[in-house]
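**Student:** all I have is the shape, not the residue letters:
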């Protein structure tokens with residue numbers, strides 16, 4: 001594994017460089033800590049509260065409305081793979097290129113930092129954004145996830161990254177300007193670069209850009225809504241066309257007391273627990289199939305939101321009451337944690353670790369994930385996987401509080 005270099009510029013921008021001369025391509029990403037949950041904050045002492053979707057709208061606006069025009073299209077003309085995305089906590093702009101890397105850096109940075117604000121431009125952009133939302137509305141899981149999050153949280157009013165049609169249409173150019181000036185500051189951003197480049201050269205390119213572009217600094221504070229561990233509603237139903245009832249149970253787990261190292265271990269342990277309890281090799285899966293309660297593999301996932309981990313388990317079912325009972329029993333009794341399966345989980349992780357060397361994005365993406373999810377600028381190593389052990393796994397899961405959960409149903413009718 002190569003060395004990862006960390007720099008902090010005078011303006012507060014964090015730059016992480018991972019040079020690898022074995023590669024032909026270079027990956028570059030600029031990320032801003034501004035995402036779907038970035039809605040309530042103060043700027044220079046003035047409080048602001050915005051609707052869902054505003055960070056995603058700003059992402060589209062930045063790409064289109066800057067001194068370079070659509071800078072992603074400009075990068076694409078140079079045969080660069082490029083895109084932008086907005087998640088719960090960050091918005092990112094990135095490209096992967098074989099040549100013209102310095103051109104790509106300057107083009108992307110100039111696009112992001114030369115935004116102008118025009119109401120007519122915003123109104124034109126709303127139509128494709130609304131079309132994107134309408135496309136999502138055809139999915140029952142879109143409605144399930146919105147309703148689930150509403151029931152899981154008491155004070156946090158976030159529902160999804162994109163927002164609703166009315167929320168998009170109500171967004172003003174002044175709203176975007178406030179959000180942009182508050183969060184698109186170098187001290188609230190980071191650059192990750194990996195691949196075939198000279199670190200002194202690209203660092204000079206980045207520094208020279210900011211010598212020519214001064215970004216005024218604002219005093220910004222996030223408003224803390226002090227979200228409790230309790231939930232808003234225990235059970236709910238979404239009425240939507242479905243070939244069979246879908247049942248989902250989601251647990252709200254407080255992870256605010258975990259250290260960064262503990263969070264990385266916990267991330268592995270919770271996935272191992274879900275695999276042992278609900279994977280296709282699990283006792284429960286085979287029992288549910290045999291009893292014809294489900295007809296396909298159980299779905300399970302985990303997502304970090306604020307300082308909570310949301311663990312979801314669900315499936316299409318002929319008997320949601322029995323499925324609920326069986327799932328809850330697995331979380332309460334935790335009796336199927338298996339040392340042999342745990343060893344297999346470790347071996348599979350080691351294989352994935354080795355194979356991620358086949359692409360520069362796969363190599364650097366775990367670092368970006370650690371940085372975004374855990375605020376931990378750490379590129380994990382093989383030793384981090386090898387030191388994980390079954391006893392710590394069991395002890396970790398036994399300490400998790402699985403008592404706060406929401407049950408959701410998707411049905412054709414009540």
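**Tutor:** Perfect, I can see it now. The model shown is predicted, which means the values in this text are computed figures rather than measured ones.
**Student:** show me where the stretch 251-400 of the chain has strands.
**Tutor:** Assigned by DSSP state E, counting those that start in this stretch, the stretch 251-400 of the chain shows strands spanning 299-305, 308-316.
**Student:** same check on the stretch 51-200 of the chain?
**Tutor:** Along the stretch 51-200 of the chain, counting by DSSP E, counting those that start in this stretch, strands occupy 81-86, 91-97, 189-195.
**Student:** TSV for those, including mean neighbour count and distance to residue 324?
**Tutor:** (Glycine included, C-beta is placed from N, CA and C.) What follows is those, written out as TSV (neighbours: other C-beta atoms under 10 Å; distance: least, C-beta to C-beta, whole Å):
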stretch	mean neighbour count	distance to residue 324
strand 81-86	18	34
strand 91-97	23	37
strand 189-195	24	42
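**Student:** mind checking which of those strands is nearest residue 107?
**Tutor:** Closest to residue 107 of these, according to C-beta to C-beta: strand 91-97, at 8.6 Å.
**Student:** sheet-wise, list the partners of the closest one with their directions.
**Tutor:** Strand pairing for strand 91-97, using DSSP bridges, gives strand 26-32 (antiparallel), strand 81-86 (antiparallel).
**Student:** buried residues in stretch 50-66, which are they?
**Tutor:** Counting neighbours by 16 or more other C-beta atoms under 10 Å, one finds that the buried residues in stretch 50-66 are 50-66.
**Student:** remind me which residues of the stretch 51-200 of the chain are low pLDDT?
**Tutor:** Counting by pLDDT under 70, the stretch 51-200 of the chain contains no low-confidence range.
**Student:** could you do the stretch 201-350 of the chain as well?
**Tutor:** For the stretch 201-350 of the chain (pLDDT under 70), the answer is none.
**Student:** that one: helices as residue ranges?
**Tutor:** Residue ranges of the helices in the stretch 201-350 of the chain, as given by DSSP state H, counting those that start in this stretch, are 260-278, 283-290, 320-333, 339-355.
**Student:** buried sites along the third one?
**Tutor:** What it means is helix 320-333. Residues of helix 320-333 classed as buried by neighbour count (16+ other C-beta under 10 Å): 320, 323-324, 326-328, 330-331.
**Student:** what does the first one give?
**Tutor:** Buried residues in helix 260-278, counted by 16+ other C-beta under 10 Å: 263-278.
**Student:** kindly report the same for the second one.
**Tutor:** If you call a residue buried by 16+ other C-beta under 10 Å, then helix 283-290 has these buried ones: 284-285, 288.
**Student:** and which of the residues you listed is nearest residue 121?
**Tutor:** residue 285 (51.6 Å).
**Student:** nearest residue to the closest one in space, please, no chain neighbours.
**Tutor:** Distance criterion C-beta to C-beta, 6 or more residues apart in numbering; nearest residue to residue 285, sequence neighbours excluded, is residue 298 at 5.8 Å.
**Student:** ok, now residue 411?
**Tutor:** Per C-beta to C-beta, 6+ apart, closest to residue 411 is residue 245, 5.3 Å.
**Student:** for the one you found, list the residues it contacts.
**Tutor:** 316-318, 320, 409-411 (C-beta atoms under 8 Å, 6 or more residues apart in numbering).
**Student:** go again using 7 Å as the cut-off
**Tutor:** Contacts for residue 245 (C-beta atoms under 7 Å, 6 or more residues apart in numbering) come out as 316-317, 320, 409-411.
**Student:** neighbours around the nearest residue to residue 213 once chain neighbours are set aside, how many?
**Tutor:** Closest residue to residue 213 apart from its sequence neighbours, by C-beta to C-beta, 6+ apart: residue 113 at 5.3 Å. For residue 113, the count of nearby residues is 19 (other C-beta atoms under 10 Å).
**Student:** what distance do you get for residue 251 to residue 330?
**Tutor:** 11 Å (C-beta to C-beta, to the nearest Å).
**Student:** hang on, the earlier thing: can you put the strands of the stretch 51-200 of the chain in CSV and add distance to residue 152?
**Tutor:** Shown next, in CSV, are those (distance: least, C-beta to C-beta, whole Å):
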stretch, distance to residue 152
strand 81-86, 21
strand 91-97, 24
strand 189-195, 29
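**Student:** residue 16: which of the ones you listed is closest?
**Tutor:** Across the strands of the stretch 51-200 of the chain, closest to residue 16 is strand 189-195 (C-beta to C-beta), at 4.8 Å.
**Student:** leaving out the residues flanking it, which one is nearest to the residue nearest the centre of the chain?
**Tutor:** Nearest to the mean C-alpha position of the chain, counting by C-alpha atoms, centre = their mean, stands residue 87 at 4.9 Å. Distances taken as C-beta to C-beta, 6+ apart place residue 35 nearest to residue 87, at 5.2 Å, with adjacent residues excluded.
**Student:** that neighbour: what's it in contact with?
**Tutor:** 55, 86-91, 161.
**Student:** element containing it?
**Tutor:** Assessed by DSSP states H and E, residue 35 sits outside every helix and strand.
**Student:** domains of this structure?
**Tutor:** Using automatic domain parsing, the domain parsing of the chain gives 5-222, 235-411.
**Student:** just put those domains in JSON lines and tack on distance to residue 228.
**Tutor:** Output for those, formatted as JSON lines (distance: least, C-beta to C-beta, whole Å):
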{"stretch": "domain 5-222", "distance to residue 228": "6"}
{"stretch": "domain 235-411", "distance to residue 228": "9"}
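**Student:** from the contacts of residue 245, which is closest to residue 363?
**Tutor:** residue 316 (36.8 Å).
**Student:** and for that closest one, the neighbour number?
**Tutor:** 18.
**Student:** how about residue 68?
**Tutor:** 18.
**Student:** my guess is it contacts residue 74, does it?
**Tutor:** Yes - between residue 68 and residue 74 there is a contact at 6.1 Å, judged by C-beta atoms under 7 Å.
**Student:** fine by me, thanks again.
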